[in-house]
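Undergrad: Provided below are the primary sequence and the corresponding predicted coordinates.
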Amino acid sequence: MESQFDYDLLVELTEERGVPGYEDRVRRLVREELEPHVDRVRSDAMGNLVGTIEGSENPDYDVVAPAHMDEIGFMVRHIDDDGFIELDPLGGWDPRILRAQRVTIHADDEDLSGLIGSVPPHTLSEEEREKQPDVDDVHVDLGLDAEEVEERVSVGDLVTIDQTTDRVGEFVTGKSLDNRVSVLALIEAARRIDDPDVTIHLAATTQEEVGVRGAEALGVDLDPDLVVCLDTTVANDVPGFKGGEYVTEIGEGAGIKLKDSSVITNHKVHRRIRDVAENRDIDHQFEVLPAGGTDTAGLQRTSGATPAGAISFPTRYLHTPTESVHEDDVDAAIDLLVGVLETEDGEHDYTL
């Protein structure tokens, strides 16, 4: 079955660059896509972007659907005497996957291509071969002499991994599907929802990868009555893991979050999400994530007790340049989000 989501827009979103605190390029794109479909768009001093659709029956009841738009990346922290660049991580990197990657350094007035080299293994000592990699050991080589590097690169410049987004079988794979696939869902919801009962705030948030900072600030500003968060989640249904370690499985439908290490979702909320999935025959699965957190936690208790749930996109190879989602799961999660938002009337009792 052909996918219903806007694949070309997903490619554009994932190939754009936006590390925590510097999501400007992504924010411009999201604003452009949201504006024709919402009543108003605003941004704040944290960089959060909110597109609002006013409710017709219960406009004072506010539902926030947040999805973070930042991606993991780096900041330049030092340039050594030979022109090699040392990095400070923005978000959680596994240093094992950084060797032999191409990157872009985003200087003030230009983007520079660089690479993280890996020396040939047969030139390493036994001790060097056994050493555990660390992000602090990573250096970017720009292929330029030290003097030119000093002229063109500054401490504080941003660095992102280079990767295209492609279809592989029934997958979409690339960098920053965490969490631009959820940002796509916000845009798709804005396109599809017409005249909701309650007021809906579709929020592209910032700095999630460094501690859900944008969402926490947004929760204070909006003080929502209900939160339905969107994010990717682990799909470890690959060799080396057993069933109980999968968390979710690719191709089995949208994830409905029960817990992660930062949140236990309101069980009345996740039951209603489940009911929508069942009533609309949307494939779904339950997510119990042992580690990791999302904007769900940032909004659940920032301005007092707020009923919160989350819809997740099962994703293989998270926090790598080959993050992968199944096209059917993307459709299912978007359909579920739209179903939950357009059936919310503000009359459900989520108190426990």
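TA: Here it is on my side, so go on. For clarity, every value in this text was computed on a predicted model and none was experimentally measured. Numbers count the residues shown, from 1 in each chain.
Undergrad: the bottom helix or strand of this structure by mean pLDDT?
TA: None of the helices or strands of the chain scores lower by mean pLDDT, DSSP states H and E than helix 126-130, at a mean of 64.
Undergrad: next SSE after it?
TA: Proceeding C-terminally, helix 126-130 gives way to strand 139-141 as the next helix or strand, assigned by DSSP states H and E.
Undergrad: How about residue 293: what's its closest non-neighbour residue?
TA: Nearest residue to residue 293 in three dimensions, chain neighbours excluded: residue 262, at 2.9 Å (CB to CB, 6 or more residues apart in numbering). Placement of C-beta: from N, CA and C, glycine included.
Undergrad: what about that neighbour, helix or strand, and which?
TA: Here residue 262 is assigned to no helix or strand, by DSSP H and E.
Undergrad: doesn't residue 295 make contact with it?
TA: No. In this structure, residue 262 is not within contact of residue 295 by CB atoms under 8 Å, at 9.5 Å.
Undergrad: what are the ranges of the helices in the stretch 201-350 of the chain?
TA: Assigned by DSSP state H, counting those that start in this stretch, the stretch 201-350 of the chain shows helices spanning 213-222, 267-279, 295-300, 327-343.
Undergrad: nope, the stretch 51-200 of the chain is what I was after
TA: Going by DSSP H, counting those that start in this stretch, the stretch 51-200 of the chain shows helices at 126-130, 146-152, 177-192.
Undergrad: what mean pLDDT does the longest one have?
TA: So that's helix 177-192. When pLDDT is averaged along helix 177-192, the result is 98.
Undergrad: And for stretch 48-61?
TA: Here stretch 48-61 scores 98 as its mean pLDDT.
Undergrad: Please report the distance of the residue nearest the centre of the chain from residue 99.
TA: Residue closest to the mean C-alpha point of the chain, counted by CA atoms, centre = their mean, is residue 179 at 1.7 Å. Here residue 179 is placed at a distance of 25 Å from residue 99 (CB to CB, to the nearest Å).
Undergrad: can you check residue 17 too?
TA: According to CB to CB, residue 17 stands 21 Å off from residue 99.
Undergrad: Name the residue in those two with the higher neighbour count.
TA: residue 17 (21 against 13; other CB atoms under 10 Å).
Undergrad: tell me the pLDDT at the more buried one?
TA: 97.
Undergrad: so can I have JSON lines of the helices of the stretch 201-350 of the chain showing distance to residue 45?
TA: As requested, the helices of the stretch 201-350 of the chain are arranged in JSON lines below (distance: least, CB to CB, whole Å):
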{"stretch": "helix 213-222", "distance to residue 45": "8"}
{"stretch": "helix 267-279", "distance to residue 45": "29"}
{"stretch": "helix 295-300", "distance to residue 45": "16"}
{"stretch": "helix 327-343", "distance to residue 45": "27"}
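Undergrad: need the contact list for residue 252.
TA: 283, 285, 314, 329 (CB atoms under 8 Å, 6 or more residues apart in numbering).
Undergrad: same question, residue 312
TA: Contacts of residue 312 (CB under 8 Å, 6+ apart): 230, 231, 232, 233, 248, 254, 255, 256, 257, 287, 333.
Undergrad: how near is the closest residue in space to it that isn't next to it in sequence to residue 302?
TA: Spatially, and ignoring its direct neighbours in sequence, residue 312 is nearest to residue 255 (3.2 Å; CB to CB, 6+ apart). Using CB to CB, we find residue 255 at a distance of 23 Å from residue 302.
Undergrad: excluding its backbone neighbours, what's nearest residue 177?
TA: For residue 177, the closest residue by CB to CB, 6+ apart turns out to be residue 323, at 4.1 Å.
Undergrad: just checking, that neighbour touches residue 171?
TA: No. Applying CB under 8 Å, one finds residue 323 not in contact with residue 171, separated by 9.7 Å.
Undergrad: Overlap of the contact sets of these two?
TA: residue 316.
Undergrad: neighbour-wise, which of the two wins?
TA: Between residue 323 and residue 171, counted using other CB under 10 Å, residue 323 has the larger neighbour count: 27 against 20.
Undergrad: Identify the bridge partners of the more buried one.
TA: For residue 323, the beta-bridge partners are residue 174 (DSSP bridges).
Undergrad: Mind naming the longest strand for the chain?
TA: Longest strand in the chain, counting residues (DSSP state E): strand 58-68.
Undergrad: Direction included, what does that one pair up with?
TA: Strand 58-68 has the following strand partners under DSSP bridges: strand 198-205 (parallel), strand 226-234 (parallel).
Undergrad: how about that strand: buried residues?
TA: In terms of neighbour count (16 or more other CB atoms under 10 Å), strand 58-68 has its buried residues at 58, 61, 62, 63, 64, 65, 66, 67, 68.
Undergrad: Pretty sure the first one sits against residue 346.
TA: Looking back up the chat, that one is residue 58. Yes. Using CB under 8 Å as the test, residue 58 is close enough to residue 346 to be in contact (3.9 Å).
Undergrad: burial count for the residue nearest to residue 293?
TA: 17.
Undergrad: which residues touch it?
TA: Contacts of residue 262 (CB under 8 Å, 6+ apart): 212, 292, 293, 294, 296, 297.
Undergrad: With respect to residue 21, which of those residues is nearest?
TA: residue 212 (13.2 Å; CB to CB).
Undergrad: Quick one: residues contacting the residue lying closest to the closest one once chain neighbours are set aside.
TA: Once flanking residues are discounted, residue 212 sits nearest to residue 298: 3.5 Å by CB to CB, 6+ apart. Taking CB under 8 Å, 6+ apart, we find residue 298 in contact with 66, 205, 208, 212, 213, 214, 215, 216, 218, 219.
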